[in-house]
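Q: sharing a model prediction with you, sequence too.
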Amino acid sequence: MNLNIRTLKHILKTVSDYFQIDENSITSKSRRQEIVKARHLAMYFTKRLTNLTLESIGTHFGGKDHTTVLYACRIVSDMMETDRQFKTIVSELEERFEM
């Protein structure tokens with residue numbers, strides 16, 4: 001299995017475990033706020049931790065467009081600057097990825 005895909009699967013599992021939601025929910029079309037937050041974070045970490053293209057990341061997240069991946073990354077970056085609790089979530093997830 002390709003290292004990027006293995007890393008992607010690890011990211012999905014880590015984020016879904018953190019939020020206690022099903023991995024399939026993250027890649028679904030659900031617009032429930034907690035799932036959208038988890039999806040945005042998973043896309044953000046996939047972009048940071050792999051060298052998958054934006055299009056490839058979007059495909060793995062339920063056929064999303066590459067602009068959706070860029071939007072998710074921008075939302076995460078913006079929220080880290082304005083929401084202390086959200087920044088803590090990102091930090092806790094970062095620690096889980098540094099194994």
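A: Yep, it's here.
Q: quick check: which element contains the most centrally placed residue in the chain?
A: The chain has Ala42 as the residue nearest its centroid, 0.9 Å off, counting by CA atoms, centre = their mean. In the assignment (DSSP states H and E), Ala42 maps to helix 33-49.
Q: now do that helix: which elements does it pack against?
A: Packing partners of helix 33-49 (3 or more CB pairs under 8 Å, 6 or more residues apart in numbering; DSSP states H and E): helix 3-19, helix 23-26, helix 54-60, helix 66-82, helix 84-97. In short, each C-beta sits where N, CA and C put it, glycine included.
Q: most packed of those?
A: Neighbour counts (mean count of other CB atoms under 10 Å) averaged over each of the helices and strands packed on helix 33-49 peak at helix 54-60, with a mean of 18.
Q: quick one: Asp22 and Ser16 touch, right?
A: Yes: if you go by CB atoms under 8 Å, Asp22 and Ser16 touch, sitting 6.4 Å apart.
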